[in-house]
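Enquirer: sequence below, structure please.
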Amino acid sequence: MAVHWALICHGLVTLTVVVSFLCGQWPIFQGTPISSIHRFITFGAYQYFLKFVGAVFGDKGTNLILSVEYCCCDRPNPILQIIYLAVIGATYYIIAKTSFSYIPGYYLSGIHRYTSMLAVGIGILLFLLTSFSDPGTVKAENVSQYLSAYPYDNIIYTEKECSTCKLQKPARSKHCSICNRCVARFDHHCGWMNNCIGERNTRYFLAFLLWHFLLCMYGTIAIGLVLAGRLKELRVVYILTVYYGVDNSFGSLAPYIVQWLLGSYNTQILLMVFMAIVSLLLAGFFAYHANLCLTNTTTNETFKWQDYISWQKKLREARASTAALKASISGMNSEGKPPERKCRSFFRRSPLEDTEAVVKNNVYDKGFFHNFYEVIFPVSTRSSFLQTKSKSG
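Expert: Here you go, the predicted structure:
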């Protein structure tokens, strides 16, 4: 029984660590232990590790760790790509080794041996498409086309030159310091893909997230049906009720069935928990990026808008405070005016509350269908873009 509790605790700890690492920055988790664990994993633990290495090995050890960090985090490298292929390959191998012997079974036909392989193959194909496709690199040959395709909004994008590429930066583009190139409609640099996500490969990235969410759900449900089939084929419920006198109710049978499953099929249970957790995380990522695409916004622009709105709020509050201070000084200097009662001044609204809310004016949001069309059929793949290029050439 101790093994069963160890498996349950292992699953809960794994879930907490994964959610904290990937979602700890979300506003919903601010001020919670999830946020604290996220800060420790992403920053605190690494700082303590650097201090430990410095204390034991001196400056040489610290410089070695920093050089490894630079190569892994600030330069293109295939480490996370290899990890992805290892994880999906190992997961499929373990599933095949532990569960394929029960297929066909009571609830699953033999075709699932082949559909599972096909589903994994499609997932890897989408991974390769996203990893090795051009994200929309801005070059001297196409910069004029991108400039006409994405006009400046003069809010978060203004006309300027990229200091590295020495090219005029089209609106919505960004120079990626890791890939060392400007990318049109830049969303983010994805370490798992070892590639930027931009104008030309956002569609592949969305398809990758959606397909892997469905793949994990498929694996979770398929293993669940395998275990349900084994439960039926071995007549576990019948044996418990007839030979062991267990009451034929869910509340009475559940503890015994769970104990039997954990004892006989613990590998499959761990795989189910792992894939269920990953599917939930993938669903969250896909929903987030799908919402960005349907409003024609990128992750990069989300941070730009946050900075702009925060700056505008501070600016308006400063103006309101200045106006209130001037009015207060003017009131103190006025003669013959009776003093305001304290209770009335206590309940008087603060001038800061009357400041107008900052409105996000996204000029690139042209409606649900147009935004969706722009992601599925990027502007640089259309005939109009190519015609503009030929005319300019």
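
Enquirer: alpha carbons only for contacts and neighbour counts from here, please
Expert: Will do.

Enquirer: low-scoring stretches of this protein, by residue?
Expert: Along the chain, the model assigns pLDDT under 70 to residues 1-4, 6-7, 27, 331-358, 386-393.

Enquirer: and the helices in it?
Expert: Taking DSSP state H as the criterion, the chain contains helices spanning 2-23, 33-39, 45-73, 79-99, 112-132, 143-149, 202-233, 236-242, 250-264, 266-294, 299-333, 342-347, 368-376, 383-392.

Enquirer: ok, which of those helices comes nearest Ile156?
Expert: helix 299-333 (6.5 Å; Cα to Cα).

Enquirer: for Gly121, give its distance to Tyr92.
Expert: 11 Å (Cα to Cα, to the nearest Å).

Enquirer: burial measure for Ala86, as a count.
Expert: By other Cα atoms under 10 Å, 12 other residues sit near Ala86.

Enquirer: contacts only, for the residue nearest the centre of the chain.
Expert: Nearest to the geometric centre of the chain sits Phe285, at 4.1 Å (Cα atoms, centre = their mean). Phe285 makes contact with Leu209 under the criterion Cα atoms under 8 Å, 6 or more residues apart in numbering.

Enquirer: try it again at 10 Å.
Expert: The contact partners of Phe285, by Cα atoms under 10 Å, 6 or more residues apart in numbering, come to 22-23, 206, 209-210, 213, 279, 291.

Enquirer: cool, Leu240 as well?
Expert: By Cα under 10 Å, 6+ apart, the contact set of Leu240 is 246-248, 253, 256-257.

Enquirer: same check on Tyr150?
Expert: 170-173, 184-185, 364, 379.

Enquirer: recalculate using a threshold of 7 Å.
Expert: 170-171 (Cα atoms under 7 Å, 6 or more residues apart in numbering).

Enquirer: now it: how far from Val363?
Expert: 10 Å.

Enquirer: what about the closest residue to Val183 other than its chain neighbours, how many residues nearby?
Expert: Excluding the flanking residues, the one nearest Val183 by Cα to Cα, 6 or more residues apart in numbering is Thr137, at 4.6 Å. By the other Cα under 10 Å criterion, the neighbourhood of Thr137 contains 21 residues.

Enquirer: how near is Thr137 to Asn77?
Expert: 19 Å.

Enquirer: one more: Gly54?
Expert: With Cα to Cα as the criterion, Gly54 and Asn77 are 26 Å apart.
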